[in-house]
Each structure stands twice: as structure tokens, then as C-alpha cells.
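**Student:** Kindly generate the corresponding structure for this input.
(2 chains)
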Amino acid sequence: MSQSPTFVLNVLETPEDPEGSQEPSPYDESEVHDSFHQLIQEQSRWVAEEGLELQQRQPETGALGASGSDHETLPGPEGAPVYSMATLRILASMPSRTIGRSRGAIISQYYSRTVKLRRRAGRPQLRDVGRSARPSLRLYDLELDSAVLEEEEKRGLLVKELQGLTAAQRDHMLRGMPLSLAEKRCLREESRPLRGKQRAERHHGLLSCCDQLRDSCVLASHNLGLALLSGLQALMPWRYALKRIGGRFGSSVLSYFLFLKTLLAFNALLLLPLLAFIVGVQAAFPPAPGGPVPAFTGLELLTGGGHFTHSVMYYGYYSNATLNQPCASPLNGSPCPPEAGSLPYNMPLAYLFTLGAAFFITCITLVYSMSRSFGESYRVGSASGVHAITVFCSWDYKVTQRWATRLQHDNIRTQLKELLAEGQSRQRPQSACGRLRRAAVLGFVWLLCLGTTLGCTLAVYTFSELMIESPVSTEREAVLLLLPLVVCLLNLGAPYLFRILAALERHDSPVLEVYVAICRNLILKMVTLGILCYHWLGRRVGTLKDQCWENFVGQELYRLMVMDFIFTLLDTLLGELVWRLFSEKRLKRKGKPEFDIAGNVLELIYGQTLTWLGVLFSPLLPAMQIIKLLLLFYIKKASLMANCQAPRRPWKASHMSTVFVSLLCFPSFLGAAVFLCYAIWQVKPSSICGPFRTLDTMYEAGKVWVRRLEKAGPRVSWLPWVHRYLVEDTFPIYLVSGLLLAVIYLNIQVVKGQRKVICLLKEQISNPGSPAPRTHSNTIAVFSL
Amino acid sequence: MDKGHREQEEENDKDEYGMATHSSILYLQEKTTVGRVMLSVNPFRDRICRVFSHNNLFSFEDVLGMASVFSEQACPSLKIEYAFRIYDFNENGFIDEEDLQRIILRLLNSNDMSEDLLTDLTSHVLNESDLDNDNMLSFSEFEHAMAKSPDFMNSFRIHFWGC
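**Tutor:** Sure, this is the predicted structure:
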């Protein structure tokens, strides 16, 4: 209809006032019907008088937005046909333009949807498409225009259809209807099945007491379900706190705290199997103490050594035998221990398998949550349309404080200006000289940042070598805190340096700046952790040959975690509180410091990586992390409320949460898994402590057990078979990887196809009615894929 | 709902949008704390009130309806439907250029944006979302544009109670 003729309406309208209009809105279908009837009469009169001469009116230049003019057509740019208010109202009720605007249209739309649901009609067959290039909406069984039913009749039909659905479907349908709550309640009351009443009438009250019993049971269970649901809602931690944060600072800062909550859940998921199968069992059957246990001094909380060394906290405490073993052969002269006869528990096997299972569950959960948030936040074709999204989606309705809304207005203003500037600069191509200069500056800054990272890495390496050279006696355990101190200082100072260097380069888009900053910080942290891992597994294993090196590594990770927590506190105190006081009193600046979302999230990811690295050597480390996260939540919240304001940069909260979870999965969890695999498969465990002290590698515990099962008999022969052909053989791994690659390729092709279909359909919408044979055959070809 | 809601009718209370704000002030009582959920900082408060009220009055069910549409569990189609009604200032069933300009001015909370910036922005929005080239956004076009954006569900949310 792009070349539809324009015509002038002579429909008399009431003069319109800008607010609180008196004119009939399209929500009243009868008014629209009347005006449509009037329109037809006017037109037929006009045609009879003047003869059929439909010309296209020239667009008049002039100001826009003269709403309420009655005879004149509104001028528009590029000669697009524009209509007056009455025509617009009629057009608005046409199903081809706006579906479901009026109440009657909504009811009939949902009536046909319910019918379709009941009949389970799928997509129309290709042969029914017909020769028109435009997919006709009649195929989808929408608005009935042939029989103009009254609204009451339509409503009755809808009620009848709703009665035919199941309860869950009916509720789902009602919930999605854009009607007022009172009407939905009426519809639900009317469409409730009357089976109870009918049955009572039929059996004359003989079964009425059974019906009453059943009804009261149903009611009681319903009430119980509601009570459980509300109890569950109340149990969710920090509901009110999160609501306050969202109301004052918006969605982007809220995403940090939601990420914290997610990490808490992951740690709880990791801790539960460990507590149940490793820590609890060993605590119930403590091994014989090896020597005198040192007394508790306060330093253990920082260093993790001393009194804590011989406790369930570390790897060295766990025994390498089968606990609770019934005595097979009575020793000479000594009776069997009285607890014999209960279930024997193979500790090394339990240690290995519980860790493996916990990591596997964490991996699956991470990948699932990452794919789900990816699916929610990235859509096909969402790269375009950024102006519309900014205009319609940038106002955060959550915000309820006046000063926060003022900030939001400023943010939106900046965002819109930046968008327009970006568009303009894209139109103006830069000169080659300018581009070269920018590339040179960018390369220089990156070089400086990578140099800083290298410097930090070298510092950590030299310091760690220094610590190896000078062995530490048990009295001077505080010296062990130096390495974590150095690492944390570098992790604190280098990001500030990166921020200063980033001021040199000027990016066009602020979102890119944020991503680049995250990238640099991430590289620094991961490289530092890599050096430390080499230091532990490569060097410490060699130098601590006769001692329990696993305990040492566990204690190192404990120390790193504690230091990291202390430095986060310091950063919060200095970076936020002291900076605010300083800038208010000395610099006399009004604005509070911004809450640095990226830096804080990277801190969380770093802490979680430490937990995952250390869980093999210290099974209680997730519990430490849970305590740390709980404290961090309250401290960060207090500091945020008192000292900070929301960041000025535009943050797409949905994209950010996807980025956080992906960062958690890829460098962080993957690195920890690689470290763990190497430690289990390649490193020789120490021979004096731990559950694997007599073996060559930790993995051998599994192999030993499988060989024992092979000798045990034919009943469990499938397990050794599985182990030999599926685990030890490399072919299944290739098969699984091949399958995974095939699935990924398929998904990529599907998305490509969807993009193509979207383009074709957009073309059809903008040129309907022009049967372009090439487009048509393309559509057929695409549909028949 | 187990938490009590009460409407407070304050007569003769108009704000700069000329709309009586009595229907936009709700009191929420939650056990011992009395929180005040004010829509009065929202730049679209008059439109929200108009869309959800019947005959300029808020009944309890209208409040519930508004809370359910803005809640986290509302389905996207419902939110998009009501968002379209809210953004359609002149209630002609379309979001045309005049509506877009009013939306932008409300978002910026000022009336003095330069004219060419405004027209530039509206033309960009229409270029992106207007599929049938009629210089207006119909409901389907709006729905298509919002379905592409995952931020819509996030931002079109008001926490009345709970999270």
C-alpha cells in the first residue's frame, strides 16, 4: 500500500485540547465503527459530486506536529501520505496495522488464539501461501472481518473456548491478555468449569459430602502451596536490600550485587558435596595425631598454618586408607574394634570422585547459565536499532529517588548526544593521516600496558624465587605473608596505572573503553595467577620433597584469599570513603566518586578463581569464600549508599551480566580446571600425607580401584569395561568433540538463515503488492529449508 | 495480597504535566515499615496513570493490574502492549513523530533541546523501526523493535514489593 491514494477527509471533529482529550479513542470500538460509517458516506457523496479524481497531494512544507487539524493533511517529509486524526483512528483499528488495540479486537484475537491452541494448528502449509508475495494475515486466523460480531457475542465465544482448555493453559492465556484485572477476573470466573455443580445436581446430594471433602482438600493444598511460595520468596536473601539498591542506583549497579549472589550460589553448590562426602566423614573418623599440635595463636587466621595445619581444612589431614573397614583377619591377641560391621569408606576414592563430580556439576551449571543469559541478551539483528532502543528502553522505571532520576536524565542526554555524534562521525570518513595517528597512539598505549603487566609478572616471579631461596622456619611464619602482599599490591596499583594510560587514547564509544579496561585488568590478573601456579606446581613440589607440599599450596591459597579480602576492604575505604571526603572538603567538588562496576566484578572473579584453584588442597576453601562474600555484600552496600553515585557511562545491564558470567566461565573456571587436571594427572603427590601418599599420581587411585573391581568378579565387569574403552581410550573424546563442533556449526547456520529470512520479510513489508518473482522464489527456497 | 494497600486521595494536587497526581501516590504498608512508592519522579507518570486507571480513578484492582504488568514475572507481550499505550501520547494508535518528540523531551526533562537534534533523532528512530515507511510506528513495528532489545524487560520494571 505504499502508493495508496490520499484523500481529504471532511469529517467534523470536536476541537481537541492537548491533555485529557474528549475525543473518542480507538479503545471504543463503536465510536470507530460510527466514524468509519460516516467516512464511507462522506466519500461516496464526494465521489458522486466531483467525479473520481484521486490525486496525490503535494507535501506542504511547514512545522510538524499540528495535531488536531481537521481538513488539512499533515505535511510530512518525502511525500509520505499522511492522514488526519479520524483516518488514523480507523487505520489504527485495522488488523493489518495494529493488532489488538481495542478491547473487542483483543478479545477476538485471544478467541482465535485459544481456538488455535485447542486445535493445535501449526503453521500454514506452503501450498496454501498463494501467489501473493505478501503473507496474508488471514492465514493466521486473526480478526474476523466478514462477520461483524457484537462484543458480547465475541466475549461469550471466548469464554466457551477458555472452558475447553486445561487449567494451566487457561491461566497462562488469561495472564497474557492486556485487559484490566477486573475483566480478567470476570473471564476467569465465567470460564471455570461447572462440573462440581452439575455433579451435585445429578446425584442429588448423595455424593455431595465427597465433593465437599475433595473441595476442601484442594483448597487446603492450594493454600499450602501459596504459603510455601510466599515463604520461599521471603527466604530469598537480601530482597529488600537489592530493591533499595536498584531504586537508588539503577540496573547496572544492581547487576554487580546480583552477580555476587550468583557466586554465593555457586560456592554453596561446590561446598555441599565436599562437606557431605569428604569433610564430614573424615571429621567423624579422625586419624591418629602425628605429633604435637601447636597451640592456637591469632596469626593462624592470616597465615592458615600453625594450629590449622592438622585439621580438616587441609589435604594432609585426610587418610589414605579405607575408613571403617571391618577387620578381615583377626590380629593376634587383639579383638576387632567394636564399630566393625558398618559400611567401609574408601577415602582416596571418595576424595577424587567427589571433587570430580563437584567440578563437573559446577561446569554444567556455569555453561547453562552462560548460554541462558547469552540467549536473553543477544538477539538476531539487535545490533541495528540502537536509537529506538535508547529512546524506548533507556529509562529505568525502577528508580524511585528524585536525585537518582536527575542523574538518569543527564545520562540519557549524554547517551543520545554520543549516539548522534557517533552517527555523524561515521558519515564523515577520517583521513588516512588521522587514522594512522590514532592507530599509533592505540598501539603505544597497549604496549605500555602490556609492558606494565610483564613488569608485574617479573616482580612476582623474582619475589617467589626469593622466597624459595630463603626457607622459613615455623617461628617466622609471618614472612610467608609477603608474597601475597606483593601480589595484592600489584593487583591494586596496576589498574590505576591502566586508567591513567587509557586517558591518553580517545575512543569513540565509551562502551569500548570499558571493555578494553576489563581486558587489560583480566590479562594482568590471569598472568599473575599463572606465574603463581607454575611456582607452586613446578618449583615448590621440588623443594618440599620430604614435606607435605599440598598443605603448603593450600595454605598459600588461603593466605592469598585473606590478603585479597583485606585489600578489597582497603580499596573500598580509601577509594570510596576517603576520596569522597577529600573531594568534598578539599577540592570542593559536588559529585561523589562513581562506583567502579568493572573493577569490582573482576575482583569477585579473581576471588572465585582462587577458590577453584585451591579446592583440591583445601576442601574447606569454599566455606571461606562464602563467609568472605557475605561480608563483602554488606560492606560494599554500606559504602555504596554512603559514598558513591551511579556510573555516568551507559551500561547495558543485560549485556554486562552476560559478559560477567562468560568471564567467570572462560578464563576463570577453565584455568582452574586445567590446573586441577594437571595436578591430578601429572604431579606426584607427597609421600607422607594425604589420601594419595602411596601412589604415583592422584588419578591412580581410580585406576587401582578399577583393577580391583576387575579381579572381584563378573558381576561388576561392565565398570572396568567402561573404564577401559571409554575413559582410557582417546577415540570417544574425538567423537564427542566432533559432535560438539557439528552442533555449533548447525546453530551458526540456523542463525544465518534466520537473518536472511528477516531481511527478506523486511523487504516484503516495505514493498508489498509488487510481486517480485525473484523475491518470491527466494522466499519459497528459504521456507523449504 | 497480604500486605495492605491504601489509596490516598489528595485533591487539588497537580504537577507540571497538568495531571492530578492524586492517583499517582500510593501508600504501601509492609509490616512495620511504611514505604512510599512514588511514581511522581517518573517522567511518564501521567501516561501510566491514564493507561491503568478507569475514568480517572484508581481502584485496588487497577493498582494490582499495574503492579502485575510492571513486575518481573509479567510476560513480554503484556509489557510491550502497555508500553505502547503509555508512549502513545495522542492516543491515535500509533507512535508518530509528535509522540517521539514528546518522549524525548520527557526523557531529557527539558523543553529546550535544539530543533534539529530532535528531528535528527526522530528520523533515526523511524529509519530503524518503521518498516512500512509510513512515518509512524504501529504496534507490530514497536513490538518488533522491543523484542530485539533485551534491555526492555529489564528497564520496564517497577519493584512494588519484593524483588
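**Student:** C-alpha only now, for contacts and for neighbours.
**Tutor:** Fine.
**Student:** Tell me the buried residues in the helix or strand hosting A:Q424?
**Tutor:** Secondary structure from DSSP states H and E places A:Q424 in helix A:402-427. In terms of neighbour count (16 or more other Cα atoms under 10 Å in any protein chain shown), helix A:402-427 has its buried residues at A:404-405, A:407-416, A:419-420.
**Student:** Mind putting those residues into CSV with pLDDT?
**Tutor:** Below are the buried residues of helix A:402-427 laid out as CSV (pLDDT from 0 to 100):
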residue, pLDDT
A:A404, 78
A:T405, 81
A:L407, 77
A:Q408, 81
A:H409, 84
A:D410, 80
A:N411, 78
A:I412, 83
A:R413, 82
A:T414, 77
A:Q415, 78
A:L416, 81
A:L419, 78
A:L420, 79
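**Student:** tell me the average confidence for stretch A:364-376?
**Tutor:** Confidence for stretch A:364-376, expressed as mean pLDDT, is 88.
**Student:** For chain B, give me the ranges with low pLDDT.
**Tutor:** Low-confidence regions of chain B, defined by pLDDT under 70, span residues B:1-39, B:112, B:160-163.
**Student:** try 50
**Tutor:** Across chain B, the ranges flagged by pLDDT under 50 are B:1-14, B:18-36, B:38, B:162-163.
**Student:** In a strand, A:Y397, correct?
**Tutor:** No - counting by DSSP: H, G, I helix; E, B strand; the rest coil, A:Y397 falls outside a strand, being coil.
**Student:** from what I can see it touches B:M153, true?
**Tutor:** No - A:Y397 is beyond contact range of B:M153, at 10.5 Å (criterion: Cα atoms under 8 Å).
**Student:** Could you check how many residues crowd around the closest residue in space to A:P178 that isn't next to it in sequence?
**Tutor:** Closest residue to A:P178 apart from its sequence neighbours, by Cα to Cα, 6 or more residues apart in numbering or on different chains: B:L78 at 5.8 Å. Using other Cα atoms under 10 Å in any protein chain shown, B:L78 has 18 other residues around it.
**Student:** go on, A:E469?
**Tutor:** 10.
**Student:** gap between it and A:L532?
**Tutor:** 16 Å (Cα to Cα, to the nearest Å).
**Student:** quick one: contacts for the most centrally placed residue in chain A?
**Tutor:** Closest residue to the average C-alpha location of chain A: A:S373 at 3.5 Å, with Cα atoms, centre = their mean. With contact taken as Cα atoms under 8 Å, 6 or more residues apart in numbering or on different chains, A:S373 is in contact with A:654, A:657-658.
**Student:** from those residues, which single one is nearest A:S668?
**Tutor:** Closest approach between the contacts of A:S373 and A:S668, by Cα to Cα: A:T658, at 14.6 Å.
**Student:** How about the contacts made by the closest one?
**Tutor:** So A:T658 contacts A:370, A:373-374, A:377 (Cα under 8 Å, 6+ apart).
**Student:** could you redo the last one with a cut-off of 10 Å?
**Tutor:** With contacts defined as Cα atoms under 10 Å, 6 or more residues apart in numbering or on different chains, the neighbours of A:T658 are A:369-378, A:664.
**Student:** The residues you listed in strands, which ones?
**Tutor:** The strands in this structure, assigned by DSSP state E, contain none of the contacts of A:T658.
**Student:** I only care about those residues that end up buried; give me the ChimeraX line for that.
**Tutor:** Those of these that count as buried under 16+ other Cα under 10 Å are selected in ChimeraX with:
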select /A:369,370,373,374,376,377,378,664
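**Student:** Sort out for me which of the contacts of A:T658 are in helices.
**Tutor:** Applying DSSP state H to the contacts of A:T658, the entries found in helices are A:369-377.
**Student:** Distance of B:T119 relative to B:E98?
**Tutor:** 10 Å.
**Student:** which of the two has more neighbours?
**Tutor:** B:E98 (18 against 15).
**Student:** Surely the more buried one and B:T122 touch.
**Tutor:** Yes - between B:E98 and B:T122 there is a contact at 9.1 Å, judged by Cα atoms under 10 Å.
**Student:** which neighbours do these two share?
**Tutor:** Common neighbours of B:E98 and B:T122 (criterion: Cα under 10 Å, 6+ apart): B:I104.
**Student:** Give me the mean pLDDT for the one helix or strand A:L740 maps to.
**Tutor:** Using DSSP H and E, A:L740 falls within helix A:731-766. Helix A:731-766 comes out with an average pLDDT of 88.
**Student:** Output the lowest mean pLDDT helix or strand found in chain A.
**Tutor:** helix A:773-783 (a mean of 48; mean pLDDT, DSSP states H and E).
**Student:** Restricting to C-alpha, output stretch A:578-598 in PDB.
**Tutor:** Output in PDB follows, covering the C-alpha atoms of stretch A:578-598 (Å, rounded to 0.1, in the frame of the first residue of the first chain):
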ATOM      1  CA  VAL A 578      38.400   8.800  51.800                       C
ATOM      2  CA  TRP A 579      38.100  10.000  48.200                       C
ATOM      3  CA  ARG A 580      34.600  11.300  48.900                       C
ATOM      4  CA  LEU A 581      35.700  13.200  52.000                       C
ATOM      5  CA  PHE A 582      38.800  14.500  50.200                       C
ATOM      6  CA  SER A 583      36.900  15.700  47.200                       C
ATOM      7  CA  GLU A 584      34.200  17.300  49.300                       C
ATOM      8  CA  LYS A 585      36.300  19.100  51.800                       C
ATOM      9  CA  ARG A 586      39.500  19.900  49.900                       C
ATOM     10  CA  LEU A 587      38.600  20.000  46.200                       C
ATOM     11  CA  LYS A 588      35.100  21.300  47.000                       C
ATOM     12  CA  ARG A 589      33.600  19.100  44.200                       C
ATOM     13  CA  LYS A 590      30.000  18.200  44.500                       C
ATOM     14  CA  GLY A 591      29.900  14.800  42.800                       C
ATOM     15  CA  LYS A 592      30.600  11.700  44.700                       C
ATOM     16  CA  PRO A 593      33.000   9.100  43.300                       C
ATOM     17  CA  GLU A 594      31.500   6.600  40.900                       C
ATOM     18  CA  PHE A 595      31.000   3.000  41.700                       C
ATOM     19  CA  ASP A 596      33.500   1.100  39.600                       C
ATOM     20  CA  ILE A 597      31.500  -1.800  38.400                       C
ATOM     21  CA  ALA A 598      34.100  -3.400  36.200                       C
END
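**Student:** which of the residues in that stretch are buried?
**Tutor:** Neighbour-count burial for stretch A:578-598, counted by 16+ other Cα under 10 Å, picks out A:579-581, A:592-598.
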